[in-house]
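Asker: Below is the sequence, then the predicted model.
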Amino acid sequence: MRKNLTLFFIGGFLFLLFVLFSYLVDKDLFYSFDFDITVKLQDKIPRRFDNFFSSFSIIGSFEVVSVFLVGFLIIKRKILGIFVPVFYGILHVLEIFGKVVVEHPGPPFMFFRNDIDFAFPSSHVATGYSYPSGHSARTAFISALLFLWLIKSKKLSLTQKLFILSVIVIFDGVMLITRIYLGEHWATDVIGGILLGASLALISTFFV
């Protein structure tokens, strides 16, 4: 219970950071930062990675992540319970709310590099603004849950835990980079998504 309370307060702190950061983004204080990050990423990464990043980003779609989460919850039902999917739903409500309230247009078309002519239905839900990144929020949410599962697991050896953690970190890094590199989101959209997803994942564990 004490550990869950600690995670709850950490999650609450991250959520407050999300709210504060959202306010600053709405005031358009990071335009130069966003623009510079996007330009540098697209300048450093060769165009031959367009297809790989475009395909990889599909994994972060609502439909794919939701299927993964349901499967994970079924396997670990004794640990996670019903509140995790509840907060997963809240995440998407807040994502859409943010994209309506925070007036933060996405990158202009000249930065767009997604070359896959495929999209799940959820991709067609558009508000005209890009903050926060749903892909980033979902990635952070799932990764936080997996990290907590790794810590609690008594069946895995330290070597196995470190290997899985390394895979998670690499996966997250690539997924977050794709959002900026493909011109789908600004860096601030990604940061906001991380804060939102991680905070709600940690808060949800308090009710488990």
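Answerer: Arrived safely.
Asker: Ranking helices and strands of this structure by mean pLDDT, which lands last?
Answerer: helix 77-80 (a mean of 57; mean pLDDT, DSSP states H and E).
Asker: residues contacting residue 193?
Answerer: 95, 132-140, 185 (Cβ atoms under 8 Å, 6 or more residues apart in numbering). Where C-beta positions appear, they are placed from N, C-alpha and C, glycine not excepted.
Asker: With neighbour count, distance to residue 162 and secondary structure as added columns, please give those residues in CSV.
Answerer: What follows is those, written out as CSV (neighbours: other Cβ atoms under 10 Å; distance: Cβ to Cβ, whole Å; DSSP: H, G, I helix; E, B strand; the rest coil):
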residue, neighbour count, distance to residue 162, secondary structure
95, 24, 32, helix
132, 31, 30, coil
133, 32, 28, coil
134, 27, 29, helix
135, 25, 26, helix
136, 28, 24, helix
137, 31, 26, helix
138, 27, 24, helix
139, 27, 20, helix
140, 26, 20, helix
185, 28, 30, coil
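Asker: For the closest residue to residue 8 other than its chain neighbours, list the residues it contacts.
Answerer: Leaving aside its sequence neighbours, residue 8 sits nearest to residue 206 (Cβ to Cβ, 6 or more residues apart in numbering; 3.8 Å). Counting by Cβ under 8 Å, 6+ apart, residue 206 touches 4-5, 7-8, 11.
Asker: Can you go through these and name the buried ones?
Answerer: 7-8, 11 (16 or more other Cβ atoms under 10 Å).
Asker: for those residues, which one is nearest residue 36?
Answerer: The closest of the buried ones among the contacts of residue 206 to residue 36 turns out to be residue 11 (Cβ to Cβ; 30.7 Å).
Asker: Verify the stated contact: that closest one with residue 203.
Answerer: Yes - using Cβ atoms under 8 Å, residue 11 makes contact with residue 203 at a distance of 3.8 Å.
Asker: of the contacts of residue 193, closest to residue 45?
Answerer: Nearest member of those to residue 45, counting by Cβ to Cβ, is residue 185, at 15.4 Å.
Asker: show me what contacts that closest one?
Answerer: 106-107, 130, 133, 135-136, 179, 193.
Asker: quick one, phi/psi of it?
Answerer: phi -150, psi 160 (degrees, to the nearest 10).
Asker: where does it land on pLDDT?
Answerer: Here the pLDDT value assigned to residue 185 is 95.
Asker: cool, residue 145 as well?
Answerer: pLDDT at residue 145 comes out at 91.
Asker: low-confidence ranges in this protein?
Answerer: Counting by pLDDT under 70, the ranges of the chain that qualify are 1-3, 76-81, 118-127, 208.
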